[in-house]
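Asks: build the 3D model from these lines:
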Amino acid sequence: MAHSNIILVKCKNCGTMNRIPADKMHLKARCGKCKAPLVLDDFSGGVPVTVTDTNFEMEVLRSSVPVLMDCWAPWCGPCRMVSPIVEEIAREMAGSLKVGKLNVDENPVIATRFQIRSIPTLLIFNNGRLVDQIVGAMPKAQILQRLKPHIPYS
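Replies: Below is the predicted model of the structure:
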């Protein structure tokens with residue numbers, strides 16, 4: 001049976017990459033190798049999550065997968081140009097990347113913490129650390145090129 005959207009989930013017990021059909025993410029999945037329960041908390045189903053000053057640590061720093069965080073504002077024209085690209089990346093890389101969106105006007109603590117002075121700014125986190133930063137609107141291919149070193153099995 002072919003599934004149009006397969007999510008890759010790394011087993012926290014043995015490290016095996018498991019393929020989970022996106023439409024089965026609500027079920028209790030187990031690793032195909034060691035049979036340990038798979039942790040599916042970090043998977044948003046290909047939709048960007050809203051990141052705030054309050055949930056930043058949980059959604060970004062504690063994520064078991066790399067995170068691409070789009071720092072934006074509703075009045076920003078270039079942000080509106082990048083937003084569909086970010087949403088497309090979220091759909092295409094669901095399971096191996098979490099995508100978050102942080103409205104810098106509504107979340108000044110995180111915006112200040114990472115010295116966001118120009119938007120859009122895309123921050124790439126891996127294992128709770130900021131590993132790259134992209135400032136300004138950029139084509140999808142360039143964003144993917146910057147993401148590639150931080151995404152396992154991409």
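
Asks: the helix or strand hosting Glu88 packs against which elements?
Replies: Assigning secondary structure by DSSP states H and E places Glu88 in helix 77-92. Packed against helix 77-92 by the contact rule (3 or more C-beta pairs under 8 Å, 6 or more residues apart in numbering; DSSP states H and E) you find strand 67-72, strand 98-103, helix 140-147. Any C-beta I mention is one placed from the backbone N, CA and C, and that applies to glycine too.

Asks: which elements pack onto the longest one?
Replies: Read that as helix 140-147. By 3+ C-beta pairs under 8 Å, 6+ apart, helix 140-147 packs against helix 77-92, strand 121-126, strand 129-135.

Asks: care to break the chain down by domain?
Replies: If you go by automatic domain parsing, the domain ranges for the chain are 1-40, 49-150.

Asks: out of these, which one sits most buried?
Replies: Of all the domains of the chain, domain 49-150 has the most neighbours on average by mean count of other C-beta atoms under 10 Å, namely a mean of 17.

Asks: looking at the helices and strands packed on helix 77-92, which is nearest to Thr16?
Replies: Of all the helices and strands packed on helix 77-92, strand 98-103 sits nearest to Thr16, with 19.9 Å by C-beta to C-beta.
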